[in-house]
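*Asks:* quick one, fold the following:
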Amino acid sequence: MSKNKLMLKTIGSAAALIVGLAASPLLHAHHSFAAYDMTKTQILTGVVTRVNPDANHLQIFFAPMNTDRKNVERDKDGKPVIWAVEMAGSAAAAQDGISVSTFQPGTVFSVGVHPQRSGDPSGFREGPLFKCPVGANGKATPPKPGEHCDAVEGRTAFGQGTLPTPTK
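*Replies:* Okay, here's the model as predicted:
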């Protein structure tokens, strides 16, 4: 190997190492909880719009229901507000029975989340999820006003325990 080729190979290897080291904190930060305010907990009840079964972090996208439980919350333009709840990877979530097939669009469920510090409508899951039952008409039975799916007879729990206590 010529001296020039060896020098180019060495420079290329060093550059790749530097790029890899520089990217390492960014990749590690992705798995951090820093984006979420772990001192705050919200309980949300909503209607599933879609599930992203990503291997690293399964996400359920949903429209939170209003306190009357008759409709979903809407923004100033009348469009449904969409939240995302982020969880462990699909394999870990599947151990609790959480999957694309168990949380199809239209499913009504309740979850505790640690909201994003930025105020964006998403949060990291805390505790179990509770799915409201489906009635004879094929539609989900929402909870009574101000309540969550854990209070509905025939509910299904995904995970152990109870919904966490909300904080302000």
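*Asks:* strands of the protein, residue ranges please.
*Replies:* 42-52, 59-64, 83-86, 108-115, 122-131, 156-158 (DSSP state E).
*Asks:* show me where this protein has helices.
*Replies:* 3-30, 90-95 (DSSP state H).
*Asks:* tell me the domain ranges of this protein?
*Replies:* Taking automatic domain parsing as the domain assignment, the ranges for the chain are 1-30, 42-158.
*Asks:* how about the ones you listed in a markdown table, adding mean neighbour count?
*Replies:* Every residue, glycine included, has its C-beta placed from N, CA and C. Output for those, formatted as a markdown table (neighbours: other C-beta atoms under 10 Å):
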| stretch | mean neighbour count |
| --- | --- |
| domain 1-30 | 10 |
| domain 42-158 | 17 |
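*Asks:* one step back: looking at the strands of the chain, which is closest to residue 138?
*Replies:* Of all the strands of the chain, it is strand 108-115 that lies closest to residue 138, at 12.7 Å by C-beta to C-beta.
*Asks:* strand partners of the closest one, parallel vs antiparallel please.
*Replies:* If you go by DSSP bridges, strand 108-115 pairs up with strand 42-52 (antiparallel), strand 122-131 (antiparallel).
*Asks:* how about low-confidence regions in this protein?
*Replies:* 1-32 (pLDDT under 70).
*Asks:* switch to 80 and redo it
*Replies:* Under the criterion pLDDT under 80, the flagged ranges of the chain are 1-33, 168.
*Asks:* picking up where we left off before, in TSV: the domains of the chain, plus distance to residue 165.
*Replies:* As requested, the domains of the chain are exported to TSV (distance: least, C-beta to C-beta, whole Å):
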stretch	distance to residue 165
domain 1-30	29
domain 42-158	9
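*Asks:* what's the closest of these to residue 164?
*Replies:* Across the domains of the chain, closest to residue 164 is domain 42-158 (C-beta to C-beta), at 4.0 Å.
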